[in-house]
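Q: Output the structure for:
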Amino acid sequence: MRTRLYYTSLLMTFILLISCNSKSDSYNVIDYGAIDDGKTINTKSIQKAIDACNLAGGGTVTIEGGNYISGTLLLKDNVTLHIAEDAKLIGSSNPLDYQSIDTFTDATGQKRGNCLIGAKNATNIAVTGKGTIDGNGEAFLSKNIKAKIKELNITETEGFGSNRPFLLRFVNSSQIKVQDVHLRQPAAWTCHFYQSNDILVDNISIYSHAHKNNDGIDLDSSYDAVIKNCDINTGDDAICIKTTSPKPTYNVQVSDCKLRSDWGSIKFGTESMGDMYNIDIKNCQIYDTKGGGIKILSVDGANIHDVTIDGIQMDRVDMPIFIRLGERLRTYRDAEKQEVGSITNVIIKNVKGNARVLDSSRVKPPSGILITGTPDHKVGKITLENIELELPGGGSEEDTMAKVEEDVDRYPEFSFFKVLPAYGLYGRHIENIQTNNVVFTLNGTDKRESQVLVDTNTTQSE
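A: Below is the predicted model of the structure:
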């Protein structure tokens, strides 16, 4: 006969098993009140799920099965936000539904800091899944903000909607992963990492054309970052290495990405207070880009060095390579003004591609490479190796006499220098430029020289 002790022990074991099996590190936002009808504002419900996950020690907050509208969501330690393939997280059209973290003024003079998904001082966080995060950026166009003011009957309208939200924003955070998700149509930058580290961005796609200043991925005063296997199509910079503080951006690896931009596909700067170094970019495709394929710009004091860009295919790219050391010296976040910086030990190799046709070039006739310092501050050592660029031509006899302004403190854009006296490479104020197998071919006649170098020491080999 079984004793009471036996049944008591069996009951205790059963209760323990139930308790263990009921414990989960997965938190579905529907269980916290979220509604996937594409209308309900779910900010509080989704944030409750994130907070509960964090309080329990971490896990995964899951969004699945529909369209969820939300304002700002703040990730916390050890929390993964997972967007399932059948789900979409959509930014609210109401600016009042967003929070600003670490507000700052960007290079265009606009207040920034609002975001749809953000984190500050967080560790071990992630955004994953094959679903979509849509910033609903068109809601922040001027005409739609005016309609929202009328809808909400707002009387104090100054600044309403001007702090356009980023899609993802990470500040002073570490061990960050963004993987597999589709990021769409933010009102400002798509994915911004500021003073953060241990970053992995893998296999994401970005489409960002809803508004202005709509960068893809911005690494800003951050370090130990890997960006790989990404497909990025933006109206502004696709991948941007920058420093809006005196702290550097360093130890960055970018590989196997497909990039398109209306302003610059691979860019360093323009915000460039802190140094940028130990950066390797390889095996990327740049296509249909209007504002520059590779742009390396130090104008606010950054020392840019030990950069290697290797294995780039370019198709229909306006100004394939542009390097500028300037003296703008803009400051951010009340930091002290820097001394003029430097650019040296930059290697660009194994680049093959073609420029945009003459009718769609911002500068007519275009050129392939522009590298320039200033009379008082030369670019350091630049190595160009195995570069083949196909250009449309179109240069006249008059263009051979083109005057290239110094513009030492102006915003550094290649189009501001206008027509260059060389169709291939124009270099000026460079301490040492080494070229090996740099070849330019023309699809039309061009009266300009292939290369023009001014105030520059050169080493050439074939």
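Q: would you say residue 53 is within a helix?
A: Yes. Under DSSP: H, G, I helix; E, B strand; the rest coil, residue 53 sits within a helix.
Q: Spatially nearest residue to residue 338 (excluding sequence neighbours)?
A: residue 301 (2.4 Å; Cβ to Cβ, 6 or more residues apart in numbering). No exception for glycine: its C-beta is placed from N, CA and C like everyone else's.
Q: The one you found reaches residue 336, doesn't it?
A: No. Counting by Cβ atoms under 8 Å, no contact exists between residue 301 and residue 336, whose distance comes to 9.7 Å.
Q: Find the residues that touch each one of the two.
A: Residues touching both residue 301 and residue 336 (Cβ atoms under 8 Å, 6 or more residues apart in numbering) are residue 246.
Q: ok, those two, which is more surrounded?
A: Ranked by neighbour count (other Cβ atoms under 10 Å), residue 301 and residue 336 place residue 301 first, with 24 against 8.
Q: so what's the backbone phi/psi at that one?
A: Main-chain torsions, residue 301, degrees, to the nearest 10: phi 120, psi 0.
Q: Which parts of the stretch 351-462 of the chain are strands?
A: Assigned by DSSP state E, counting those that start in this stretch, the stretch 351-462 of the chain shows strands spanning 369-372, 379-391, 422-442, 449-461.
Q: Out of these, which is closest to residue 97?
A: When the strands of the stretch 351-462 of the chain are compared by Cβ to Cβ, strand 369-372 sits nearest residue 97, at 43.9 Å.
Q: returning to that earlier point: on the pLDDT front, check the residue nearest to residue 338 for me.
A: Here, the pLDDT recorded for residue 301 equals 98.
Q: got a list of what it touches?
A: Here residue 301 is in contact with 246, 272, 273, 329, 337, 338, 339, 340, 341 (Cβ under 8 Å, 6+ apart).
Q: One more: residue 110?
A: Residue 110 sits in contact with 162, 163, 164, 213, where contact means Cβ under 8 Å, 6+ apart.
Q: and the second one, backbone torsions?
A: In terms of degrees, to the nearest 10, the main-chain angles of residue 163 are phi -90, psi 80.
Q: Neighbours of it, how many?
A: 21.
Q: Surely it and residue 100 touch.
A: Yes. Using Cβ under 8 Å, residue 163 is in contact with residue 100, at 6.0 Å.
Q: Spit out the residues that contact these two alike.
A: Joint contacts of residue 163 and residue 100 (Cβ under 8 Å, 6+ apart) are 111, 113, 114.
Q: which of those count as buried?
A: Buried residues within the shared contacts of residue 163 and residue 100, counting neighbours by 16 or more other Cβ atoms under 10 Å: 113, 114.
Q: Return the subset of the shared contacts of residue 163 and residue 100 lying in strands.
A: 111, 113, 114 (DSSP state E).
Q: give the contact list for residue 167.
A: 91, 115, 116, 117, 133, 135, 183, 186, 189, 190, 191.
Q: now with 10 Å?
A: 89, 91, 115-118, 127, 133-137, 183-192, 206, 208, 214 (Cβ atoms under 10 Å, 6 or more residues apart in numbering).
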